[in-house]
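Asker: Give me a 3D structure for the following:
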Amino acid sequence: MRWFHELIFSIYFPFLAISAHEREVGGRWAIEIVRWGISHGYLRNYGLIFEDYRVDIADVLLVWSSILVVYVVVRLTAKLSISRILLRYVAGALAVAGYPLTLICTRYNMPFLYVELAIAIACFVLWAKHKWPISKPVNIFLVILHYAFWASLGGGRSFAGGLLLLWPSWYRNWGMTKLTISYTWGIYPLLGFCSALLWACFFRTSEVKKAEPM
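Answerer: Numbers count the residues shown, from 1 in each chain. Just a heads-up that it's a prediction; the model follows:
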């Protein structure tokens, strides 16, 4: 269980961070990487940087290299107290509020969204403190509702890459339909949902192990 939790966290965290930075097209890290390569003579200048396929490749490499770095750090610190803080608290906060906060910061800024997010966080905190007297099936249903609500808002420009950031972007020309490409942002709420469930399982399991006599 811990291994799956670490893996999803290592994917979800850099995935969100890099996507959130894509709010401004000219500020994309991938574009800056390609520009750096051109300015230093490592890459040829083909003109319009925004239509350069190498930006897509840089996006994919950036995401996967970040995932690898986060995962290696998580594994190397597995026996340290920082790992407990990272996987129990940081990962939990990311699972509940990561995608919603990224949407708020990059696309929406409406009061009722903060209300829903505050309610969701409060419910998770109560659950973590064993003060949420709701059955497991109902809890799972509420998590589904939480992510279904945020998924209904769509993705926006920051999340346009979606699955194409996890798989090479040039696949968009190799059989991926326009409909599929339009909804690749759906990977974000899906990863968030999986992250929330795995975090909850890990959180409760770690509590049991902590309570066991040495």
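Asker: Would you map the helices across this structure?
Answerer: 2-20, 29-39, 53-76, 81-85, 91-106, 111-128, 136-151, 163-166, 178-182, 187-211 (DSSP state H).
Asker: now those as CSV including mean neighbour count?
Answerer: (Glycine included, C-beta is placed from N, CA and C.) Shown next, in CSV, are the helices of the chain (neighbours: other C-beta atoms under 10 Å):
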stretch, mean neighbour count
helix 2-20, 20
helix 29-39, 17
helix 53-76, 16
helix 81-85, 13
helix 91-106, 21
helix 111-128, 14
helix 136-151, 15
helix 163-166, 20
helix 178-182, 11
helix 187-211, 18
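Asker: residues contacting residue 41?
Answerer: Applying C-beta atoms under 8 Å, 6 or more residues apart in numbering, one finds that residue 41 lies in contact with no residue.
Asker: Phi, psi for it please.
Answerer: When quoted as degrees, to the nearest 10, the phi and psi of residue 41 stand at phi 80, psi 10.
Asker: Columns mean pLDDT on top of the helices of the chain, output as JSON lines?
Answerer: JSON lines is the format used below for the helices of the chain (pLDDT from 0 to 100):
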{"stretch": "helix 2-20", "mean pLDDT": "85"}
{"stretch": "helix 29-39", "mean pLDDT": "77"}
{"stretch": "helix 53-76", "mean pLDDT": "84"}
{"stretch": "helix 81-85", "mean pLDDT": "82"}
{"stretch": "helix 91-106", "mean pLDDT": "87"}
{"stretch": "helix 111-128", "mean pLDDT": "90"}
{"stretch": "helix 136-151", "mean pLDDT": "91"}
{"stretch": "helix 163-166", "mean pLDDT": "57"}
{"stretch": "helix 178-182", "mean pLDDT": "55"}
{"stretch": "helix 187-211", "mean pLDDT": "83"}
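Asker: Mind putting the ones you listed into TSV with distance to residue 45?
Answerer: Shown next, in TSV, are these (distance: least, C-beta to C-beta, whole Å):
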stretch	distance to residue 45
helix 2-20	25
helix 29-39	5
helix 53-76	11
helix 81-85	44
helix 91-106	30
helix 111-128	42
helix 136-151	39
helix 163-166	24
helix 178-182	28
helix 187-211	33
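Asker: Grab the nearest non-local neighbour of residue 75.
Answerer: If the residues on either side of it in the chain are set aside, residue 75 comes closest to residue 6, at 6.9 Å by C-beta to C-beta, 6 or more residues apart in numbering.
Asker: Would you mind confirming that that neighbour is in contact with residue 86?
Answerer: No - applying C-beta atoms under 8 Å, one finds residue 6 not in contact with residue 86, separated by 9.3 Å.
Asker: what do those two both touch?
Answerer: In contact with both residue 6 and residue 86: residue 74, using C-beta under 8 Å, 6+ apart.
Asker: how near is residue 73 to residue 58?
Answerer: Going from residue 73 to residue 58 by C-beta to C-beta, to the nearest Å gives 22 Å.
Asker: same deal with residue 79?
Answerer: 35 Å.
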